[in-house]
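In: this is a predicted model, with the sequence first.
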Amino acid sequence: MTEDHWEDAILGNLLKSYYLDYDHSYAQKRSFNNFVEHRIGKIIDEESTLEIQVNPNESYRVEFGQVFIDSPYIMDENRKIKYISPLEAKIREINYSGTVSVNIRTSKIITCANGEKREVDVQIHMKKIIAKIPIMVGSSKCFLANKNKQQRIFHGECEYDHGGYFIVKGKERCLISQERMNHNVVYVFEQKPSPKYSLIAEIRSMSEETRHSVFVQMKIHHHKIVLQIPFIQQDIPLGIVFRAYGLSVDDIELILHLNCPQSKKNSIIAKFIDSILFDAKKIETTEKAISYICLYSLNTIMKERKKRYVEQLLNNELLPHLGISSSSFHKVLFLGFMLNKLLLTFIDERKMDERDHVSNKRIELSGYLLSELFRTLYKRFVRTIEQQLEKRQDVLVITNRCNHISLGINHCMSTGNWGVPKSNYIRTGVSQILNRLTHNSFLSQLKRILVPIGKEGKNTKVRQVHSSQIGFICPHETPEGSQSGIVKNMNPLVDVSIVDDNTFIRSVVEEIPSIQEKLFDWVHTLLAKNDFDWNFDKVILNGNWIGVTYDTESTLQSLRELKNNNILSVSVSFSHTKISREINIFSDEGRMLRPLFYRKNFPSLPEIKTKSFRQLVMEKKIVFLDSYEIENEVIAMTKEEMDSRDYYTYMEIHPSVLTSLCVAMQPYPEHTQAPRVTYHAAMGKQAIGLPYSNMHVRLDTVQHILYHPEKPLIQSHHAEYNNCNDLPFGHNLIVAVLMYSGYNQEDSILLNRGAIDRGLFRSFSLKTLVIEEKKKNSIVSETICVVPRQYQCRSFDYSKLDEGGIVKVGHYVSAGDVIVSKLQKTNEKNTIEEWQDNSIIIKSGEEGYVDKVYGTCSPDGYRVIKIQIRTIRIPEIGDKVASRSAQKGTVSMILNEEDMPFTASGIVPDIIVNPLAFPSRMTINQLIECLAAKTAAVQGETKYCTAFSRHSNDIIPRLCEELEKTGFDRHGNEIMYNGKTGKQFQSMIFIGPTYYHRLKHLVATKIHARNHGSLQALTRQPLEGRSREGGLRFGEMERDCMLSHGVSRFLKERLFDVSDYFQLDVCQQCGNIPHHHKKCNMCGCTTIQQIPLPYACKLLFQELNAMSIKVNLLPK
């Protein structure tokens, strides 16, 4: 069996089955399903009972019971429930949201004279709505759930759309995954800017029950260990904290030696322990330790409450992730665990942690983001209900009026500002409009990750590629400029873990024979014996120390068996750290996982050819690992490499999956300069193509669609399996590389007019206009109808309307044409009705054919008309095109076909590119693509260009040999003739097919000029912007340029004569601006003269007058 067979089986079957089982939105949908099926109920259960004291002997109790989440629906004309599809929500421009309902149980609690409490007047209200939440398209609560491809097509959906996004007010929006530091894990960092502390061990401790988080730091400086306690303004010595927990000096010493066994050998650690014990000995009792801590409280506390306050801080605020039921002894052990990590790092036995390491990061998917937002809003909802119940004991009326949750979630989804108003932390850009320009831009956005820091941040480490990201995050696909390294993309095969049941996992782990059953019993036994066996490893579950083991290998083997037997989830990871002697088990949410072949259970070639990806995962022949497990393993790239060495434990699925989908779609990306890969990852998402298959029913605000998109001759397996052949975005062009006519200098490109006439790059843009009947108040209302002639505006053209006042489908509309006729009625009391024409007209730049007209109703019951305008976009000079190798160029000239150069066989190129575009950019992959496409065109087949394939190193000689066998020159060169003179070119020309995109940057949508037009009311200067038909900005740089040329008259014309020319009345005697043009009201002079000056200058003088600065204008 050769290496070729293995790669063919992996790329031909295994990769294909993966994309069928795990589409690009799989992680997002699974996270959202977990939110609606488990998280919402758990959040409501946290605060499910409210009890309001009505009077001393009576209280009112409200209990929230079972939670129900319904699919999106509307009420039809007959007040019946009608479940709606995502397409209907888009057309109606409403939210695609479902209701959250609960069973509410209310009762009165009566306190009898004998003190006994009786429950009376019990009522149960079934399925009462408390909120509406957005439903993810494709999730378990979606209308399309469990529907096959034919059924989705029947309901107007794209057959290649697997969901993963939301619909808010008719617009598609997606939640961008957020990256954050991991919680509940101790990290040790160096504090370079701080001269006071050299090293700091820190942890963001978050309670699993209450989601309350606290930031705790342990600091080291000059053999002194101090702890930062919440709400205490000064760091407290660790020995005093131990004393405050009630430990004696002997117990503290034993705990320190237990956690830091190296103290017996290392004198530096011994000195630190002596320092801690010295601090503990200074404080004689627990009460004195508590009093010492209370001295530095941020809050002023009464003397009799000091002890209770500090005990509250130590027991509840410090390290809440250990659990509500955790004892003081548990917290002391964990502080010793933190100390051990800090001291090991100090003596250089343990490396410092890296903030940018993938294992220290967690990814927040849509389900997690929504659950945290829902929790915060639900708490506010409960507080509001409590306040209202004190006034009125009717929970149904109050819940009907209280819509905090719905409004809060809708606000965050609409604006992208994630968080509750007036809270400390609001993230921006979380909810974004879905990019539907091309199919790959849609897929890329679902895998995007955002680091929530400022775009102008000076920290370059965050932006750099970290070695641990390889395999998880694409090193290429990131924007240029301020967002570089802040916006990242996951690789196509990467999954993200969801939360597992920690209680179950802990119980299973604690039953492993080699793990001590009860940690605290074991510690107390050691303390009683005063005899330590130091040869043990700590067992850590999600940052919580749960046990110890004296047989590490046996424990790891038991964990593997639990995972292989499906007792533990596939996403649970465990790894052993020898230096700090820890077995770390992680089952938390947000860890990135990637699949690898497991060597000890490697599948055979027939299995790879016949079995699906999911089957191999279930058989443990493919395993999902996170960065903790990968850190200690050696991974082979190919089967041949794995067989050559024994130390490889895993093998990559294929090297091409180490990049994102947009990079994996490029032809031979390993043969080009690295920046070009990044550039095309952005350019490919700006191409015009076929973004979806249901464009005949969609009504997007703006969309560009290519008339005749073509499947590329050269493609990657990833592009094929992600339906990019069914939704292509480019053309196979015959490209000649030569200098011709002088019009293709730099990045200028020559196009063949004959090819354009045959449909090359011909596209159309669709723009949807939404017109709604509005009732502004009880006085002013609008009606869509034919406006009577006496009210019609003379400059408008009403000839293209039907009898209902709406433009007819198929008509060409230009500027000034009415598309919807609207009449406004104003009816004030005791006055005659006034009528006004409010018709909607086509503005300049919106011309085109009326493609579709839809009529519907808004949620408020008003009539809504949607009109889609189709404009044909034929390629013209100034348009941009680009190859898949990021060779972007601008069309500089369109030559007639008879003027284009031609080959000896009569082939005329569609496009001519300057040869100087290649040497500096080193885009060798475009030349290879041209050779491969030329061979494929002659052989009548499609060739694959998947990155890092088996023939990557010798691809060029192979293609040259194949091309030579077809009768062409082996290097792709041909003899060509000048189309204008007919003479043969002196050198041979490189020519062949290459796949090119037409980019969305069109001249027709950006060209702008104006002669005269509207002015601003305040400054009387021209408006700004193309959309408002504004003027062109003449700024400081333009002014300086004119001054350098000395064209003062031209400068005066631009800034004065054609801008805000104004004639100002000025008193000739005193220089003041009179209120009347006949007489000065200051001096009484009647000699008034007009002087020309900019109107903005006149405003400035008046503002100076308001500041008591007088400016006299003395006319000549």
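Out: Looks like it came in fine.

In: and residue 15, what is it in contact with?
Out: Taking C-beta atoms under 8 Å, 6 or more residues apart in numbering, we find residue 15 in contact with 653-654, 657, 717-718, 721. (Glycine included, C-beta is placed from N, CA and C.)

In: tell me who's in contact with residue 696.
Out: For residue 696, the contact set (C-beta under 8 Å, 6+ apart) is empty.

In: check what contacts stretch 858-866 and list those residues.
Out: 91-94, 699, 768-775, 784, 806, 820, 852-857.

In: what about the residue nearest to residue 1028 when sequence neighbours are not counted, how many residues nearby?
Out: Of all residues not flanking residue 1028 in the chain, residue 1014 sits nearest, at 7.2 Å (C-beta to C-beta, 6 or more residues apart in numbering). By other C-beta atoms under 10 Å, the residues close to residue 1014 number 12.

In: with residue 860 instead?
Out: Count around residue 860 with other C-beta under 10 Å applied: 10.

In: next one: residue 54
Out: 13.

In: so who does it touch?
Out: Residue 54 neighbours (C-beta under 8 Å, 6+ apart): 60, 108, 393.

In: which of those lies at the shortest distance from residue 83?
Out: Taking C-beta to C-beta as the measure, residue 83 lies nearest residue 393 of these, at 35.5 Å.

In: pretty sure that closest one belongs to a helix, no?
Out: No: assessed with DSSP: H, G, I helix; E, B strand; the rest coil, residue 393 is coil; it does not lie in a helix.

In: could you measure from it over to residue 554?
Out: Distance, residue 393 to residue 554, by C-beta to C-beta, to the nearest Å: 61 Å.

In: just want to know which of the two has more residues nearby.
Out: Using other C-beta under 10 Å, the more surrounded residue of residue 393 and residue 554 is residue 393, with 17 against 14.

In: my guess is that one meets residue 60, correct?
Out: Yes: in this structure, residue 393 is within contact of residue 60 by C-beta atoms under 8 Å, at 4.5 Å.

In: find the residues that touch each one of those two.
Out: Common neighbours of residue 393 and residue 60, counting by C-beta under 8 Å, 6+ apart, are 52, 54.

In: nearest residue to residue 1111 in space, please, no chain neighbours.
Out: Closest to residue 1111 by C-beta to C-beta, 6+ apart is residue 1101, at 4.7 Å.

In: show me just the buried residues among the contacts of stretch 858-866.
Out: 91-94, 699, 768-773, 784, 806, 820, 852-853 (16 or more other C-beta atoms under 10 Å).

In: contacting residues for the spatially most central residue of the chain?
Out: Centroid-nearest residue in the chain: residue 176, 2.0 Å away (criterion: C-alpha atoms, centre = their mean). The contact partners of residue 176, taken as C-beta under 8 Å, 6+ apart, are 429-432, 445, 448-450.

In: residue 683: which of these is nearest?
Out: Using C-beta to C-beta, these come closest to residue 683 at residue 445, 15.7 Å.

In: lowest-confidence helix or strand of this protein?
Out: helix 519-529 (a mean of 66; mean pLDDT, DSSP states H and E).

In: average model confidence for the following helix or strand past it?
Out: Using DSSP states H and E, the helix or strand that follows helix 519-529 towards the C-terminus is strand 537-541. Averaging pLDDT along strand 537-541 yields 89.

In: likewise stretch 879-891?
Out: Averaging pLDDT along stretch 879-891 gives 95.

In: what does stretch 315-328 give?
Out: Model confidence over stretch 315-328, given as mean pLDDT, is 84.

In: picking that back up, quick check on the residue nearest to residue 1111: phi, psi?
Out: phi -60, psi -40 (degrees, to the nearest 10).

In: same deal with residue 499?
Out: phi -70, psi 140.

In: shouldn't it be in contact with residue 34?
Out: Yes: using C-beta under 8 Å, residue 499 is in contact with residue 34, at 7.3 Å.

In: thinking again about what came up before, for the contacts of residue 15, which one is nearest residue 129?
Out: Set against residue 129, the nearest of the contacts of residue 15 by C-beta to C-beta is residue 721 (42.2 Å).

In: can you tell me the element the closest residue to the closest one other than its chain neighbours falls in?
Out: Among residues not flanking residue 721 along the chain, residue 19 sits closest, at 4.3 Å (C-beta to C-beta, 6+ apart). Element membership for residue 19 (DSSP H and E) is helix 15-21.

In: look up how far residue 365 lies from the residue nearest to the centre of the chain.
Out: The spacing between residue 176 and residue 365, counted by C-beta to C-beta, is 10 Å.

In: please apply the same query to residue 599.
Out: Residue 599 is 31 Å from residue 365, by C-beta to C-beta.

In: same deal with residue 395?
Out: For residue 395, the distance to residue 365 - C-beta to C-beta - is 34 Å.

In: sorry, back to before: could I get the pLDDT score of the residue nearest to residue 721?
Out: Residue 19 carries a pLDDT score of 93 in this model.

In: and if you look at residue 967?
Out: Per-residue confidence (pLDDT) for residue 967: 90.

In: before we move on, what about the one 4 residues further on?
Out: At residue 971, the pLDDT value in this model is 93.

In: can you report phi and psi for it?
Out: Main-chain torsions, residue 971, degrees, to the nearest 10: phi -100, psi 10.

In: and if you look at residue 335?
Out: When read as degrees, to the nearest 10, the backbone of residue 335 gives phi -60, psi -40.

In: how about the strands in the stretch 901-1050 of the chain?
Out: 902-903, 911-913, 943-944, 973-974, 976-977, 989-998 (DSSP state E, counting those that start in this stretch).

In: give me the domain ranges for this structure.
Out: 25-175+365-446, 187-358, 495-658, 665-762+876-998, 764-873, 1037-1106 (automatic domain parsing).

In: to residue 14, which of these lies closest?
Out: Nearest of the domains of the chain (C-beta to C-beta): domain 495-658, 5.5 Å.

In: what about that closest one, distance to the chain center?
Out: With C-alpha atoms, centre = their mean, to the nearest Å as the basis, domain 495-658 stands 30 Å off its chain's centre.

In: just stretch 57-76 next, same as before
Out: Using C-alpha atoms, centre = their mean, the offset of stretch 57-76 from its chain centre is 32 Å.

In: could I get the buried residue list for that stretch?
Out: 59-64, 67-72.

In: can I get that stretch as CSV, trimmed to CA atoms?
Out: Extracted C-alpha coordinates of stretch 57-76, given in CSV (Å, rounded to 0.1, in the frame of the first residue of the first chain):
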residue,chain,number,x,y,z
ASN,A,57,-49.1,37.0,59.3
GLU,A,58,-49.2,36.5,55.5
SER,A,59,-46.8,36.1,52.7
TYR,A,60,-47.2,35.6,48.9
ARG,A,61,-45.1,32.9,47.3
VAL,A,62,-44.4,32.5,43.5
GLU,A,63,-42.6,29.4,42.2
PHE,A,64,-41.4,29.0,38.6
GLY,A,65,-41.6,25.3,37.5
GLN,A,66,-41.0,23.5,34.3
VAL,A,67,-39.6,25.5,31.3
PHE,A,68,-41.0,25.2,27.8
ILE,A,69,-39.3,26.8,24.7
ASP,A,70,-41.4,27.0,21.6
SER,A,71,-40.5,27.3,17.9
PRO,A,72,-41.0,30.7,16.2
TYR,A,73,-44.6,31.4,15.4
ILE,A,74,-47.0,34.3,14.6
MET,A,75,-50.7,34.8,15.1
ASP,A,76,-52.6,34.8,11.9
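
In: ok so, going back, confidence score at the residue nearest to residue 1111?
Out: 91.

In: same question, residue 534
Out: 68.

In: what do you get for residue 830?
Out: What the model reports for residue 830 is a pLDDT of 62.

In: do residue 4 as well
Out: According to the model, residue 4 scores 68 on pLDDT.

In: and if you look at residue 262?
Out: Residue 262 carries a pLDDT value of 63.

In: now the one 10 residues further on
Out: Reported pLDDT at residue 272 in the predicted model: 85.
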